[in-house]
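Undergrad: all I have is the shape, not the residue letters:
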């Protein structure tokens, strides 16, 4: 009897195992969760000399913390930036901040300070935004990251600007030695929904476990589910995006089962915090808003057992180092200007996370202040002490070592050589700075949308019954512009940073009421509103008001209630909102690049662009919410 029972359970176990294999085969391949990254050396092992790294590890004790540093929203910014730092009304100094060579020097210095127990992570939106990165289709940054000791990144929404095929090129690149983690993306393949990670690219998984100085660190990744709205439909076709709440609830436990002592979520979703308030006051410092999906999700978990030791955030380009709903969250400024930073201790089987001040990548510090960026100056508790003269940056008593930047410099040099002529081509000289506010008035937009429409009309092209000279108005979504226009010479490289997206120009005939319907549909893309060419104005309430926020679009010369067809120029991205609004008017793709038309107008017809030489903030009126009027 006992032998029969044993045989029965053996057969049952084999049958269950076989059924599991069959189901796995039907589903696709395997569930790529919590993979051990045995082929990936830690950050410090890749950026320090082998003997130096080995010597640092020999000094480690169980009490030494794990140091986590992170970047986000690099947007291709490989080069240092000049930032004006205002100490007073009479004292403004230009300081140099950022750049990937300087990042390498800081990482090496922080590795030495951490005795080699450091992990460098990134929260996405790495490639879209500069000539250097876009001309290389992101591969220049992939190579740079691989020489910076990056261990894992996740996908931001702007990775999808390049399309799924280019993402697969990054995944298959022989130069890439870091992991991509994506716990929230699925794809429809052969009538099945499978995790995107089952595409079986090397170093690509739902989550992964690293060994960093003897500590097992599990890392998962999340891409904002608003990507489906923020991307061109073809670029996200057949993809589905899981909710952040689902990832928060389901992805930590598999990592812990594989031995992870520390679990970290890379979240391309973040919020905004008052950095003057301490980390423990995150629920006050980080205001909950309509677009802060991370803050909303974490607040729902107040009073529950916290599953994550740290969330590395991105997307909102806003520094964070606060507890939100009891979970530690950190985010850098973005654009390669700073690193977010935390240290995690494991003592008596208890794990604690300490959120540290971000590290700005300064060329110099000051006698009385170890900082260089306007953010840091604004956060100081005492700004009455003069900063003094500039001094070398020191970390743990040692100056930064330029030799630590050589590997990443060599990786970037061939890519920089290819685009140097383009980067430095002068387009126009601006007599004053024109600012851009994605959620408010924008004098830069007034200039650039006028330049776009002028370039389009000057082409004198025709498309059937439509001619370029008869286009009435141009509308551009506010998110298409990423920066304002600085005073002085505007180069093609700088124009590329202002308008990084490769939109073409589309034209369509719309009535005034259809324009309003379209504008209200555009609001479904967070933070977006319409920028208009001269002679038109948009009346809308603020972004924190309930929808619909756009109340009126006032055309030139006639009453807004008068119905007629307007010939309208739109970008590729904005065109998608016509379809979502159910507007079926035929749309013509002219093939003209928005950025090239703007550049051509600025270069050849600058004197005709009145609002490139003088500010115009009259094209949008911010109204109080409807209930308050």
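TA: Perfect, thanks for sending it. Note that the coordinates shown come from a computational prediction; the quantities given were computed from them, not determined experimentally. Numbers count the residues shown, from 1 in each chain.

Undergrad: any idea how far residue 99 lies from residue 363?
TA: Per Cβ to Cβ, to the nearest Å, residue 99 is found 9 Å from residue 363. C-beta: built from backbone N, CA, C; applies to glycine.

Undergrad: mind checking which helix or strand of the protein has the lowest mean pLDDT?
TA: Ranked by mean pLDDT, DSSP states H and E, the weakest helix or strand in the chain is helix 2-27, scoring a mean of 41.

Undergrad: packing partners for the helix or strand where residue 329 lies?
TA: Under the criterion of DSSP states H and E, residue 329 resides in strand 327-331. Strand 327-331 makes packing contacts with helix 293-299, strand 310-313, strand 320-324, strand 338-347, strand 350-360 when contacts are defined by 3 or more Cβ pairs under 8 Å, 6 or more residues apart in numbering; DSSP states H and E.

Undergrad: returning to what we had before: so residue 99 and residue 363 - more neighbours on which side?
TA: residue 99 (22 against 17; other Cβ atoms under 10 Å).

Undergrad: need phi/psi at that one.
TA: phi 100, psi 140 (degrees, to the nearest 10).

Undergrad: what about residue 403, neighbour count?
TA: Residue 403 has 11 nearby residues by other Cβ under 10 Å.

Undergrad: check contacts around it.
TA: For residue 403, the contact set (Cβ atoms under 8 Å, 6 or more residues apart in numbering) is empty.

Undergrad: contacting residues around the strand holding residue 329?
TA: So strand 327-331 is contacted by 70, 72, 123, 270-271, 279, 282, 286, 294, 298, 301, 306, 308-314, 316, 318-323, 340-342, 353, 355, 358 (Cβ under 8 Å, 6+ apart).

Undergrad: report the rounded mean pLDDT for stretch 586-596.
TA: Per-region confidence: stretch 586-596 scores 88 on mean pLDDT.

Undergrad: and what of stretch 44-53?
TA: 96.

Undergrad: after the least confident helix or strand of the chain, which helix or strand is next?
TA: Helix 2-27 is succeeded, C-terminally, by strand 35-36 (DSSP H and E).

Undergrad: neighbouring strands for that next one, and are they parallel or not?
TA: strand 207-212 (parallel) (DSSP bridges).

Undergrad: and the next helix or strand past the partner strand?
TA: strand 215-223.

Undergrad: buried residues in the next helix or strand after that next one?
TA: Going down the chain from strand 215-223, the next helix or strand is helix 227-230, by DSSP H and E. Within helix 227-230, the residues that qualify as buried are 227, 229-230, counting by 16 or more other Cβ atoms under 10 Å.

Undergrad: partner strands of the strand holding residue 329, parallel or antiparallel?
TA: strand 310-313 (parallel), strand 320-324 (antiparallel).

Undergrad: now the first one, how far from the chain's geometric center?
TA: Once both centres are worked out by Cα atoms, centre = their mean, to the nearest Å, strand 310-313 turns out to sit 14 Å from its chain's centre.

Undergrad: got the contact list for that strand?
TA: Outside strand 310-313, the residues within contact range by Cβ under 8 Å, 6+ apart are 68, 70, 72, 121, 123, 262, 264-271, 294, 298, 320, 327-331, 340, 342, 344, 353.

Undergrad: the strands in the stretch 1-150 of the chain, which residues?
TA: 35-36, 66-71, 81-88, 91-97, 118-122, 150-153 (DSSP state E, counting those that start in this stretch).

Undergrad: what is the second one packed up against?
TA: Using 3+ Cβ pairs under 8 Å, 6+ apart as the contact criterion, the neighbours of strand 66-71 among helices and strands are helix 100-113, strand 118-122, strand 262-268, strand 310-313, strand 338-347.

Undergrad: can you redo those as TSV with distance to residue 521 and mean pLDDT?
TA: Output for the helices and strands packed on strand 66-71, formatted as TSV (distance: least, Cβ to Cβ, whole Å; pLDDT from 0 to 100):
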stretch	distance to residue 521	mean pLDDT
helix 100-113	39	98
strand 118-122	33	98
strand 262-268	24	97
strand 310-313	28	98
strand 338-347	35	97
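
Undergrad: among the ones you listed, which comes closest to residue 416?
TA: helix 100-113 (10.9 Å; Cβ to Cβ).

Undergrad: can you work out which other helices and strands pack against that closest one?
TA: helix 43-47, helix 50-58, strand 66-71, strand 118-122, strand 338-347, strand 394-395, helix 406-424.

Undergrad: does anything pack onto the fourth one? Which helices or strands?
TA: Counting contacts by 3+ Cβ pairs under 8 Å, 6+ apart, the secondary-structure elements packed against strand 118-122 are helix 43-47, strand 66-71, helix 100-113, strand 150-153, strand 207-212, strand 262-268.

Undergrad: end to end, how far does stretch 580-589 reach?
TA: 18 Å (Cα to Cα, to the nearest Å).

Undergrad: could you do stretch 400-411 as well?
TA: Start-to-end, stretch 400-411 (Cα to Cα) is 20 Å.

Undergrad: residues near residue 619, how many?
TA: Residues near residue 619, counting by other Cβ under 10 Å: 23.

Undergrad: which residues touch stretch 368-388?
TA: 83-87, 95, 97, 275-276, 319, 333, 337-338, 360, 362-367, 393.

Undergrad: separate out the buried members of those residues.
TA: Burial by neighbour count, 16+ other Cβ under 10 Å: within these this picks out 83, 85, 95, 97, 275, 319, 333, 337-338, 360, 362-363, 365-366, 393.

Undergrad: farthest pair in these?
TA: 275 and 363 (22.0 Å).

Undergrad: low-confidence ranges, the chain, go.
TA: Applying pLDDT under 70 to the chain flags the ranges 1-31, 189-194, 197-200, 381-383, 439-440, 524-528, 543, 556-564, 622-629.

Undergrad: dump the strands of the stretch 1-150 of the chain into TSV; add distance to residue 529 as well.
TA: Below are the strands of the stretch 1-150 of the chain laid out as TSV (distance: least, Cβ to Cβ, whole Å):
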stretch	distance to residue 529
strand 35-36	43
strand 66-71	29
strand 81-88	27
strand 91-97	30
strand 118-122	30
strand 150-153	31
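
Undergrad: residue 605: which of the ones you listed is closest?
TA: strand 81-88 (28.6 Å).

Undergrad: if we can go back for a sec, what's the overlap in contacts for residue 99 and residue 363?
TA: With Cβ under 8 Å, 6+ apart as the test, residue 99 and residue 363 both reach residue 80.

Undergrad: ok, back up a step: pipe the helices and strands packed on helix 100-113 into a markdown table and attach distance to residue 138 per row.
TA: Below are the helices and strands packed on helix 100-113 laid out as a markdown table (distance: least, Cβ to Cβ, whole Å):
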| stretch | distance to residue 138 |
| --- | --- |
| helix 43-47 | 20 |
| helix 50-58 | 29 |
| strand 66-71 | 15 |
| strand 118-122 | 13 |
| strand 338-347 | 21 |
| strand 394-395 | 30 |
| helix 406-424 | 11 |
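
Undergrad: figure out which of the ones you listed is closest to residue 204.
TA: Nearest of the helices and strands packed on helix 100-113 (Cβ to Cβ): strand 118-122, 14.7 Å.

Undergrad: look at residue 80 and say how many residues are nearby.
TA: There are 19 residues near residue 80, going by other Cβ under 10 Å.

Undergrad: quick one: residues contacting it.
TA: 96-99, 101-102, 363.

Undergrad: and what of residue 418?
TA: So residue 418 contacts 135-136 (Cβ under 8 Å, 6+ apart).

Undergrad: what do you get for residue 36?
TA: 208-209, 258.

Undergrad: ok, so of those, who is nearest residue 196?
TA: Nearest to residue 196 among the contacts of residue 36 is residue 208, at 14.8 Å by Cβ to Cβ.
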